[in-house]
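Participant: Next comes the sequence, and after it the predicted model I'd like to discuss.
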Amino acid sequence: MEDSSDDARVVFNHLGQCVRDLDRSRRFYESVLGFEFWRQIQPPDDSSAQLLGLSPPLGMTACYLRRDGLVLELLHFAAPERAVAFRPRAMDEPGLTHISVSCDIDAVCARVAEFGGEVLAATNIGVAVFIRDPDGQLVELLPLAYADHLAGS
């Protein structure tokens with residue numbers, strides 16, 4: 001049964017991802033995966049720290065990119081205390097595991113290294129492959145035919 005009250009309404013807003021170099025990550029997502037810049041904010045440390053459960057200083061910048069209705073929020077923390085190295089996670093660990101896009105896989109893979117990412121060649125099963133963005137985030141590449149099939153379902 002669907003609740004029609006405004007209080008029960010839920011609308012997707014964005015997906016957040018922490019990055020170490022905001023300019024590099026923007027170049028990767030815009031140049032390799034076709035995201036478009038939407039907006040960028042630098043909220044105050046105190047309210048951001050409270051919301052995120054962190055201790056100031058943060059020096060946070062949130063950059064919003066859009067693609068096909070998805071909003072990707074790139075979070076960059078400029079405060080030296082916030083420099084945390086990437087730690088690979090196994091696909092079966094709880095939490096978000098990856099983002100996925102349909103594309104010309106060969107064309108995208110050819111550009112990944114140029115923009116600081118890595119093609120995980122061992123994952124290539126002929127119809128899908130994983131890449132890592134410059135900060136190690138997994139991105140699954142699927143053929144355009146997969147997106148076309150889903151749209152027709």
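Facilitator: Nice, I can see it.

Participant: Buried residues in stretch 108-117, which are they?
Facilitator: By 16 or more other C-beta atoms under 10 Å, the buried positions in stretch 108-117 come out as 108, 109, 112, 115, 116, 117. Every C-beta, even on glycine, is put in place using the N, C-alpha and C of the backbone.

Participant: pretty sure the first one is in a helix, no?
Facilitator: Yes: per DSSP: H, G, I helix; E, B strand; the rest coil, residue 108 lies within a helix segment.

Participant: Sketch out the low-pLDDT regions of the chain for me.
Facilitator: 1-5, 147-150, 153 (pLDDT under 70).

Participant: so where do the helices sit in it?
Facilitator: 22-27, 45-52, 105-112, 144-152 (DSSP state H).

Participant: Tell me where this protein has strands.
Facilitator: For the chain, the strands defined by DSSP state E occupy 15-19, 36-41, 60-67, 70-77, 99-103, 118-120, 129-132, 138-143.

Participant: tell me the most buried of those strands?
Facilitator: Comparing the strands of the chain by mean neighbour count (mean count of other C-beta atoms under 10 Å), strand 129-132 ranks first with a mean of 21.

Participant: now what about that strand, what contacts it?
Facilitator: 98, 105, 108-109, 112, 117-121, 123, 138-141 (C-beta atoms under 8 Å, 6 or more residues apart in numbering).

Participant: what's the answer for stretch 51-67, then?
Facilitator: Defining contact as C-beta under 8 Å, 6+ apart, one finds that stretch 51-67 is touched by 14, 16, 22, 26, 29-30, 33-43, 45-46, 48-49, 71-79, 81-82, 101.

Participant: That stretch: end-to-end distance?
Facilitator: With C-alpha to C-alpha, to the nearest Å as the measure, stretch 51-67 spans 26 Å from end to end.

Participant: Distance from it to the middle of the chain?
Facilitator: Average the C-alpha atoms of stretch 51-67, do the same for its chain, and the two points are 14 Å apart (C-alpha atoms, centre = their mean, to the nearest Å).
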